[in-house]
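1. Dropping a prediction and its sequence here:
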Amino acid sequence: MSTNFPTLSRKAASVLTVAAWLLLAASAHAADAPAGKLPTPPKGSEFQLFIENDMLAGTDHYYTNGIKFGIGVPFDTLQQVFKIPAKFTLDLFTDPGADYHFGLFAGQNLYTPRNITIGSPQPYDRPWAAWLYLGGVAQRVKGNRMDTAELDIGMVGPWALGEQVQSQWHSVIGTAQPQGWGNQTPGEPGFLVSYLQKRKYGTRHIEFVPHAGVTLGTVMTLARVGGIVRIGRNMTGFGPDGIEPGGAMLQNTRREHEGAGRASFEWYGFVGADLRYVARNIFLDGTVFRGGPSVDSRELVHDFTAGVSARINTYRLSLTRILRSEEFTTPFSSGGRQSFYSLNLGLEF
């Protein structure tokens, strides 16, 4: 598939824009560092990386890859970077007497039909689609309750660079090249706003962590409810972090909540479920303002999860196996279930 220079330039610009936003936070602090010395992240900062992929589950279709990179910074640093507009936005969430933490995320999700080697349109299978976005998170913990709000803004379609990312990855691992990205969901800006509440009940070694939330936007509109049961030692936080909007507990929220008395290590295993009523899914229902491929999406979708999580001092690692129910049907076939893995790496400063 050929790409002319103006088109390539516009796609590159979308990626550079996301990268620039992430670099702003780092550059603001770097400017104050002594010459010749690498700047130290401000105290209370963090980095998080999320990767979801179906390769370990032995498939390469549907929700085939997701990646999300995030930074969390204390309020004073964030205010220096974004000045008045950000402070106005964050004040919408601020409650006197409550400590909030804030983070920035950039991510990309890829979706393909079952057979990625077919170059012609496949109207009776899941559409090719990609989503590249920048997100902001506000989070608070009081007692056994955690509230998280996340705003994601980005692009679907060619500007989301799904073809380039998947093609390069398949070249690295030596598997078949995807041939159908020319049939993907057309380009369109999108947004979503998510709210998720988690609570936890239990003892030192076993906990039940229920959750409920809602997402509104042109990309996704849904309501969800679910929870996990976890068993382990020195457990902190509210369970494993997830790539979905509002699903990540900022590491500094965890540290603030647990205080200085938390142990230097922790581990736990968990099982869980999540039920969603999906009113809109742009990757199945098609874009809002432009025509494009679509299928009949299921309104009720559920996930079953199982995994392990461990932390040593300020380093955290979680691995989750996810089994997702059928998300769509076509006149001639059903979408079927899907299984994939989710990996989360976290580092606090």
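-> Arrived safely.
2. was I right about residue 305 contacting residue 247?
-> No - between residue 305 and residue 247 there is no contact under C-beta atoms under 8 Å: 11.2 Å. No exception for glycine: its C-beta is placed from N, CA and C like everyone else's.
3. Compare these two and say which one has the larger neighbour count.
-> For the pair residue 305 and residue 247, the greater number of neighbours falls to residue 247 (23 against 20), based on other C-beta atoms under 10 Å.
4. and residue 235, how far is that from residue 266?
-> 6 Å (C-beta to C-beta, to the nearest Å).
5. Those two: which is more packed in?
-> residue 235 (26 against 18).
6. pLDDT value on that one, please?
-> Looking at residue 235, its pLDDT reads 92.
7. Point out where the stretch 1-150 of the chain drops to low pLDDT.
-> The stretch 1-150 of the chain contains residues with pLDDT under 70 at 1-46, 57, 60-61, 71-99.
8. Oops, could you answer that again for the stretch 151-300 of the chain instead?
-> 251-252, 255, 259-260.
9. try 80 this time
-> Residue ranges of the stretch 151-300 of the chain with pLDDT under 80: 248-262.
10. which stretches of it form strands?
-> 188-199, 201-202, 206-217, 220-233, 265-281, 296-297, 300-312 (DSSP state E, counting those that start in this stretch).
11. of all those strands, which lies closest to residue 137?
-> Between residue 137 and the strands of the stretch 151-300 of the chain, the tightest spacing by C-beta to C-beta is seen for strand 188-199, at 9.3 Å.
12. Any buried residues in stretch 108-122, and which?
-> Neighbour counts over stretch 108-122 (16 or more other C-beta atoms under 10 Å) mark 108-113, 116, 122 as buried.
13. quick one on the thing from earlier: the strands of the stretch 151-300 of the chain into a markdown table, with extra columns for distance to residue 332?
-> Below are the strands of the stretch 151-300 of the chain laid out as a markdown table (distance: least, C-beta to C-beta, whole Å):
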| stretch | distance to residue 332 |
| --- | --- |
| strand 188-199 | 28 |
| strand 201-202 | 46 |
| strand 206-217 | 31 |
| strand 220-233 | 26 |
| strand 265-281 | 20 |
| strand 296-297 | 12 |
| strand 300-312 | 21 |
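14. closest to residue 69 out of those strands?
-> strand 188-199 (17.9 Å).
15. rewinding a little: biggest separation within the buried residues of stretch 108-122, which pair?
-> Greatest spatial distance among those (C-beta to C-beta): 108 and 122, at 22.0 Å.
16. Not counting its neighbours along the chain, what's nearest residue 269?
-> residue 308 (5.1 Å; C-beta to C-beta, 6 or more residues apart in numbering).
17. List the contacts of that neighbour.
-> Counting by C-beta atoms under 8 Å, 6 or more residues apart in numbering, residue 308 touches 267-270, 318-319.
18. Just the buried ones out of these, please.
-> If we count by 16+ other C-beta under 10 Å, these have these buried: 268, 270, 318.
19. could you dump those residues to JSON lines with distance to residue 333?
-> Formatted as JSON lines, these follow (distance: C-beta to C-beta, whole Å):
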{"residue": "268", "distance to residue 333": "39"}
{"residue": "270", "distance to residue 333": "34"}
{"residue": "318", "distance to residue 333": "34"}
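20. Looking at those, which one is closest to residue 242?
-> residue 318 (9.0 Å).
21. what's the helix or strand for the closest one?
-> Here residue 318 sits within strand 315-324, counting by DSSP states H and E.
22. what's the angle from that strand to strand 300-312?
-> Strand 315-324 runs at 160 degrees relative to strand 300-312, counting by axes from the mean of the first three to the mean of the last three C-alpha atoms, to 10 degrees.
23. Return the list of helices and strands in contact with strand 315-324.
-> strand 300-312, strand 338-348 (3 or more C-beta pairs under 8 Å, 6 or more residues apart in numbering; DSSP states H and E).
24. how about the residue most central in space within the chain, phi and psi?
-> Centroid-nearest residue in the chain, with C-alpha atoms, centre = their mean: residue 243, separated by 3.0 Å. In terms of degrees, to the nearest 10, the main-chain angles of residue 243 are phi -80, psi -20.
25. any idea how far the closest residue to it other than its chain neighbours lies from residue 105?
-> Leaving out its chain neighbours, the residue that sits closest to residue 243 by C-beta to C-beta, 6+ apart is residue 50, at 4.1 Å. Taking C-beta to C-beta as the measure, residue 50 and residue 105 are separated by 9 Å.
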